[in-house]
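K.L.:
Sequence and predicted structure, then a few things I'm wondering about:
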Amino acid sequence: MRSSLTNNYKLNLIQWYPGHIAKAEKNLKEQLSRVDVVLEVRDARIPLATHHPQMSEWVGNKTRVLVLNRLDMITPQVRSLWIDWFKSQGEVPYFTNAKQGQGVIAISKAAQAAGVELNQRRRDRGMLPRPVRAVVIGFPNVGKSALINRLLGRRVVESAARPGVTRSLRWVRISEQLELLDAPGVIPAKLENQDAALKLAICDDIGQASYDNQLVASAFVDLLNELQVTASDLLPQQPLQSRYDLDSTTNTGEAYLHALAEHRYKGDVERTARQLLTDFRKGMLGTLPLELPPS
């Protein structure tokens with residue numbers, strides 16, 4: 001999304017750093033010394049916007065496994081573009097659909113592979129092997145708890161389709177080989193990049209108190225119009241036209257929102273904005289990436 005897109009929304013900066021997240025981040029830093037492997041979970045629709053700027057500082061010299069969750073919300077074509085791009089950055093992304101359990105076994109294996117090395121070093125020093133300790137870190141609502149429940153094979157961690165459900169840190173034993181620390185969602189104390197913040201809001205990866213539905217829904221339509229011009233081959237054909245029988249490409253996001261309100265929702269713009277965002281989040285508009293690899 002071009003920075004010009006957010007210029008219209010400057011008056012409503014998106015900032016969200018509730019007390020429980022600040023506290024959890026402090027506790028997380030205290031626990032990191034005990035961790036061997038970091039599972040960094042991002043949203044496959046916005047892999048760059050869901051990268052925490054402090055991640056490399058937290059990981060240090062530990063093994064990091066990069067997990068892109070919500071595989072079901074992007075096309076195989078977009079997925080392979082991201083795989084190629086991350087490989088060019090020297091990284092291997094693992095794609096999962098934690099709700100359905102797709103790709104979860106590979107994550108478990110990747111975490112345990114790191115443990116083989118760890119325990120070999122322990123044996124060399126005459127110490128007993130121990131389970132690998134992994135921590136799951138990511139923005140709120142990217143699917144961390146669902147991933148842990150899948151790794152465990154049963155539901156031990158509350159997960160819900162809203163940010164900020166996990167409030168405290170706790171260790172969960174997955175198997176003889178693996179222990180997991182479930183951490184609440186982390187988010188930068190200050191969201192410097194408002195383009196990224198908008199995408200977090202559109203994807204529901206940030207608390208609703210931080211944004212105005214109508215501004216975010218308008219920005220979403222603008223972003224979609226832009227992507228239809230620059231990458232139409234990677235998107236469903238006219239997703240908004242197909243869903244609402246109203247073409248968006250001739251309008252600004254704001255104008256489209258008002259036109260759609262008249263067309264479908266008795267002029268109720270707020271209800272229209274909420275519906276538009278909900279439809280996107282539930283996949284009703286098709287498999288829509290909001291970010292593509294930088295060319």
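P.N.:
Nice, thanks for sending it over. Just so it is clear, the structure is predicted and the values come from calculations on it, not from any experiment.
K.L.:
Just the CA atoms of stretch 223-233, as PDB, please.
P.N.:
As requested, C-alpha coordinates have been extracted for stretch 223-233 and formatted as PDB (Å, rounded to 0.1, in the frame of the first residue of the first chain):
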ATOM      1  CA  LEU A 223      -6.000  -1.100  -1.100                       C
ATOM      2  CA  LEU A 224      -8.000  -3.700  -3.000                       C
ATOM      3  CA  ASN A 225      -8.500  -1.400  -5.900                       C
ATOM      4  CA  GLU A 226      -4.800  -0.800  -6.000                       C
ATOM      5  CA  LEU A 227      -4.000  -4.500  -5.900                       C
ATOM      6  CA  GLN A 228      -6.500  -5.100  -8.700                       C
ATOM      7  CA  VAL A 229      -4.500  -2.800 -10.900                       C
ATOM      8  CA  THR A 230      -1.000  -4.000  -9.900                       C
ATOM      9  CA  ALA A 231      -1.600  -7.800  -9.300                       C
ATOM     10  CA  SER A 232      -5.000  -8.700 -10.800                       C
ATOM     11  CA  ASP A 233      -3.700 -12.200 -11.800                       C
END
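K.L.:
what's in contact with that stretch?
P.N.:
If you take C-beta atoms under 8 Å, 6 or more residues apart in numbering as the criterion, stretch 223-233 is touched by 1-2, 5, 198-199, 202, 234-235, 238-240, 248-249, 253, 288-290, 292. C-beta coordinates here come from the backbone N, C-alpha and C atoms, glycine included.
K.L.:
Let's test this: mean pLDDT of it, rounded?
P.N.:
Taken as a whole, stretch 223-233 has an average pLDDT of 94.
K.L.:
Now that stretch: buried residues?
P.N.:
Buried residues in stretch 223-233, counted by 16 or more other C-beta atoms under 10 Å: 223-225, 227-228.
K.L.:
Quick check: the two most widely separated of those?
P.N.:
Maximum pairwise distance among the buried residues of stretch 223-233 (C-beta to C-beta): 9.8 Å, between Leu223 and Gln228.
K.L.:
returning to that earlier point: among the contacts of stretch 223-233, the buried ones, what's the ChimeraX command?
P.N.:
Listed next is the ChimeraX selection for buried residues among the contacts of stretch 223-233, using 16+ other C-beta under 10 Å:
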select :1,5,198,199,202,234,235,239,240,248,253,288,289,290,292
